[in-house]
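[1] Mind folding the following:
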Amino acid sequence: MDAGTTEAQPRFLNRELSRLDFNARVLEIASDESVPLLERVNFCAIFSGNVDEFFMVRVAGLMDQVAAGVAVRSPDGLTPQAALREIRERTLKLASEQAKLWKRHLKPELAAQGIVVAQIEDLDPAELEELERVFETEIFPVLTPLAVGPGQPFPYISGLSLSLGLFVRDAKTGEERFARVKVPELLPRFLPIGSRGLFLPLERVIRHFLPLLFPMMEIVECTIFRVTRDADFAVSDEADDLLEAVELELRRRRFGEPVRVEVSGSYSAHMLEELKSGLDVGDDQIYLVPGLLDLSKLDELAALDRPELKEGQWVPVVPARFVSEDGDALFAELKKGPVLVHHPYDSFARTFESFVRTAARDPRTVAVKTTVYRTSEDSPHVPALIDAAEEGKQAVCLVELKARFDERRNIEWSRALESAGVHVVYGFPSLKIHAKATLVVRREADGLRRYAHIGTGNYNAVTARLYEDFSLFTGDQEITADLAELFNYLTGFGRPQAFRKLLVAPFAMRPALVQHIRSCAAAAKAGKAARIRIKVNHLADEEIVTELYAAADAGADVEIFARTTCTLWPRKIGGKEDIRVRTLLGRFFEHSRFFIFEADGESTYLLGSSDLMPRNLDHRIEILVPIEDARSQRELSRTFDSIMEDTRWSWALRADGTWQRVRGKKGRAGQNIHGALMRRARARARRAGAGSPSR
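    So this is what the prediction gives:
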């Protein structure tokens with residue numbers, strides 16, 4: 001496309017289809033033979049889990065629009081009906097590619113390494129005897145066959161559970177019925193048998209022993225199926241008790257409408273009609289899958305203790321300024337100036353966890369306030385709050401009950417916190433609290449002083465070892481005062497005041513970002529140097545995309561890293577894309593968000609929790625904090641430039657709307673951003689003499 005035809009090109013990509021493009025890239029990594037085998041198996045599992053969530057939320061939302069008669073087109077021009085048709089076509093294609101990858105490559109390669117996903121027929125007599133014993137003692141007692149007939153309606157099928165659907169005939173009377181047997185979810189999906197490294201899919205074991213469940217009956221037909229249900233929900237803005245409202249919606253989620261029915265194995269037209277009728281779904285909701293269903297459970301195989309089939313273990317380093325866990329020493333360091341750390345290269349355990357744990361037990365601490373969006377069972381974050389409360393400190397926790405798929409855990413945490421005396425606040429029914437922030441108040445020689453942590457990632461000890469994120473620790477009086485006022489707004493009753501340095505959504509973040517983009521555009525239009533660099537997980541806000549186009553038109557250099565979703569469509573002008581868009585998948589999951597605006601020699605660096613989507617900018621409490629010290633600015637700038645130049649794990653968005661794998665020059669090793677950042681972290685630790693490992 002040349003400059004003369006630029007105007008004819010669509011300006012926006014479809015958000016849902018962009019998400020499917022991301023899943024296609026995940027599957028491409030699973031196909032990459034240069035990646036260790038069990039890592040490829042894990043990516044194959046991640047692909048399935050991603051697609052499940054996509055249907056539970058995004059596809060369910062589109063189906064709701066169709067059911068409500070909504071015909072509004074998305075910014076890319078697609079109606080909900082057209083988007084659903086395209087989603088179905090692409091999903092079927094991806095499912096076929098995944099099935100081929102598993103059958104032709106991953107499964108045989110696992111077998112060559114002594115990890116054999118086997119059939120019943122592959123067992124020798126001793127192994128078959130063991131299987132019979134395991135079935136009789138561990139599986140049979142928890143199975144419940146449910147038949148359909150007079151007084152027995154079609155059973156409820158829970159979301160994402162595997163089921164055997166079968167027709168059973170009484171040979172004496174000729175009566176035939178449909179029956180369903182649920183595959184138990186508390187048992188391993190891949191059942192280990194014998195000493196040869198054999199694993200049997202649980203549903204196939206159950207199918208083999210079906211005559212024990214239906215004695216004296218003939219099994220006419222058996223197929224495997226799986227239902228995906230609508231798992232999204234909205235809490236009313238009028239909810240008086242948010243905890244009670246979320247618990248009610250969690251119970252309702254279990255009974256969400258079916259959005260997809262996957263069917264595998266042999267099946268007859270009669271079987272498909274029975275499933276469609278019983279589940280009340282249409283033809284376009286049936287997905288015929290060649291091979292095993294629910295490959296998300298391949299994570300059981302990926303977790304096997306076979307280090308030679310995985311990436312080498314990474315041990316995060318401890319930044320020099322966090323070596324001491326003494327309270328006075330730690331906070332004295334933060335008095336000197338801000339500290340920016342980069343996870344998982346820098347240790348989460350010895351930075352944030354140490355920060356909150358030290359504050360909780362420090363006798364000088366008088367208050368600890370924090371947010372919980374997603375956390376893990378073994379994270380000391382919440383226990384530290386409990387310790388602080390039990391020692392008489394004021395402890396406040398803003399728990400986001402509406403964090404999708406973590407609602408139940410957050411409810412449990414909130415009750416544990418309340419019982420220990422922590423002040424627990426649930427926020428607002430209409431706004432999710434997505435900001436990641438912790439405020440510590442200490443009594444020091446010169447009076448009360450505040451310290452803050454603001455991060456891009458969740459306070460989750462498990463994902464902190466896998467997700468790439470930044471953490472800012474600061475004693476800046478204006479930033480900490482802003483954070484204190486934000487906490488007061490969220491826990492109290494009043495209107496938020498203008499913040500000094502923080503950009504807080506849904507109040508000032510959107511207009512501030514738009515103004516930064518326009519300033520770069522104005523500088524470029526005046527012939528001055530102007531550059532915009534943005535790293536986010538999702539770029540799907542129509543106003544922001546439009547402003548970025550305008551900045552590029554004015555001559556500003558615009559570079560975007562969008563990990564998952566990008567609706568901006570680069571235009572080809574003068575033989576190249578006018579806006580560089582990259583994405584990356586690899587050893588670590590890119591998760592940080594930061595923004596760099598440069599206009600006529602002036603630079604603004606912002607870091608925080610917000611993506612560029614309407615939900616983040618308009619319907620969530622989000623924080624962007626300015627990064628003002630030169631060292632931290634250089635770190636962000638260097639990290640961004642390194643990511644954009646990666647030739648190992650990256651893709652580029654082209655002017656035709658497709659993603660193309662970025663490769664290095666022939667004969668040269670690819671530039672691996674994750675490897676480079678690990679080496680950089682080790683070198684930094686060696687120079688500081690503080691390279692002690694962390695968990």
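
[2] counting contacts, what elements does the longest helix anywhere in the chain pack onto?
    Criterion DSSP state H: the longest helix present in the chain is helix 80-101. When contacts are defined as 3 or more C-beta pairs under 8 Å, 6 or more residues apart in numbering; DSSP states H and E, helix 80-101 packs onto helix 15-31, helix 37-54, helix 60-67, strand 286-289. Where C-beta positions appear, they are placed from N, C-alpha and C, glycine not excepted.

[3] and the residue nearest to Val339 when sequence neighbours are not counted, what are its bridge partners?
    Among residues not flanking Val339 along the chain, Phe473 sits closest, at 4.5 Å (C-beta to C-beta, 6 or more residues apart in numbering). Residues in a beta bridge with Phe473, per DSSP bridges, are Val339, His453.

[4] what's downstream of the least confident helix or strand in the chain by mean pLDDT, the next helix or strand?
    Within the chain, no helix or strand scores below helix 242-253, which has a mean of 50 by mean pLDDT, DSSP states H and E. Note on helix 242-253: by DSSP states H and E, the next helix or strand toward the C-terminus is strand 258-264.

[5] where's that next one relative to the chain centroid, distance-wise?
    23 Å (C-alpha atoms, centre = their mean, to the nearest Å).

[6] how many degrees apart are that strand and helix 80-101 in direction?
    If you take axes from the mean of the first three to the mean of the last three C-alpha atoms, to 10 degrees, strand 258-264 sits at 30 degrees to helix 80-101.

[7] Mind listing what's buried along the next helix or strand after strand 258-264?
    For strand 258-264, the succeeding helix or strand toward the C-terminus, using DSSP H and E, is helix 269-279. Residues 271-272, 274-275, 278-279 are the ones in helix 269-279 that count as buried (16 or more other C-beta atoms under 10 Å).

[8] what does stretch 656-674 give?
    Of the residues in stretch 656-674, those buried (16+ other C-beta under 10 Å) are 657, 659, 662, 670-674.

[9] What lies in contact with it?
    Stretch 656-674 has contacts (C-beta atoms under 8 Å, 6 or more residues apart in numbering) with 1, 10, 13, 21, 24-25, 28, 569, 582-584, 586-588, 642-643, 645-654.

[10] Which members of those are classed as buried?
    13, 21, 24-25, 28, 569, 582-584, 586-588, 642-643, 646-653.

[11] Which ones among those lie within helices?
    21, 24-25, 28, 642-643.

[12] all strands of the stretch 551-695 of the chain, in order?
    Taking DSSP state E, counting those that start in this stretch as the test, the strands found in the stretch 551-695 of the chain are 557-566, 572-573, 576-577, 580-584, 589-590, 593-599, 602-608, 620-626, 650-653, 659-661.

[13] who does the first one pair up with?
    Applying DSSP bridges, strand 557-566 is found paired with strand 530-539 (parallel), strand 580-584 (parallel).

[14] could you give the angle of that strand to helix 15-31?
    Using the same axes, to 10 degrees: strand 557-566 against helix 15-31 is 90 degrees.

[15] Phe499: neighbour count?
    18 (other C-beta atoms under 10 Å).

[16] So it versus Ser163, what's the distance?
    For Phe499, the distance to Ser163 equals 52 Å [C-beta to C-beta, to the nearest Å].

[17] okay, the strands of the stretch 551-695 of the chain in JSON lines with mean pLDDT next?
    Below are the strands of the stretch 551-695 of the chain laid out as JSON lines (pLDDT from 0 to 100):
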{"stretch": "strand 557-566", "mean pLDDT": "97"}
{"stretch": "strand 572-573", "mean pLDDT": "80"}
{"stretch": "strand 576-577", "mean pLDDT": "79"}
{"stretch": "strand 580-584", "mean pLDDT": "96"}
{"stretch": "strand 589-590", "mean pLDDT": "95"}
{"stretch": "strand 593-599", "mean pLDDT": "98"}
{"stretch": "strand 602-608", "mean pLDDT": "97"}
{"stretch": "strand 620-626", "mean pLDDT": "95"}
{"stretch": "strand 650-653", "mean pLDDT": "95"}
{"stretch": "strand 659-661", "mean pLDDT": "94"}
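
[18] Quick check: which ranges of the chain have low pLDDT?
    Where the chain drops to pLDDT under 70, the residues are 1-9, 233-255, 373-379, 401-413, 415, 418, 420, 667-669, 689-695.

[19] which non-adjacent residue is nearest Ile596?
    Nearest to Ile596 is Arg533, by C-beta to C-beta, 6+ apart, at 4.2 Å.

[20] rewinding a little: right, so of the strands paired with strand 557-566, which gets closest to Arg682?
    strand 580-584 (21.1 Å; C-beta to C-beta).

[21] For the closest one, output the C-alpha coordinates as PDB.
    Extracted in PDB, the C-alpha atoms of strand 580-584 (Å, rounded to 0.1, in the frame of the first residue of the first chain):
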ATOM      1  CA  ARG A 580       6.100   0.500  14.800                       C
ATOM      2  CA  VAL A 581       4.100  -2.100  16.800                       C
ATOM      3  CA  ARG A 582       5.800  -5.100  18.400                       C
ATOM      4  CA  THR A 583       4.800  -7.900  20.700                       C
ATOM      5  CA  LEU A 584       6.800 -10.600  22.400                       C
END
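
[22] So Ala464 sits against His343, correct?
    Yes. Applying C-beta atoms under 8 Å as the test, Ala464 and His343 come out as touching, 5.5 Å apart.

[23] joint contacts of the two?
    Gly457.

[24] Need the strands paired with strand 557-566 in a markdown table (columns: distance to Leu448).
    Shown next, in a markdown table, are those (distance: least, C-beta to C-beta, whole Å):
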| stretch | distance to Leu448 |
| --- | --- |
| strand 530-539 | 35 |
| strand 580-584 | 43 |
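
[25] hey, which of these is tucked in deepest?
    strand 530-539 (a mean of 24; mean count of other C-beta atoms under 10 Å).

[26] Check for me that Glu221 belongs to a strand.
    Yes. Per DSSP: H, G, I helix; E, B strand; the rest coil, Glu221 lies within a strand segment.

[27] and it, how many residues sit next to it?
    Neighbours of Glu221 using other C-beta under 10 Å come to 18.

[28] ok, now which ones touch Asn537?
    Contacts for Asn537 were tallied using C-beta under 8 Å, 6+ apart; they are 562-565, 590-591, 593, 611.

[29] Could I get these in TSV, plus columns for distance to Asn537 and neighbour count?
    Formatted as TSV, those follow (distance: C-beta to C-beta, whole Å; neighbours: other C-beta atoms under 10 Å):
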residue	distance to Asn537	neighbour count
Ala562	7	25
Arg563	5	23
Thr564	5	21
Thr565	7	23
Glu590	8	23
His591	7	20
Arg593	7	26
Asp611	5	21
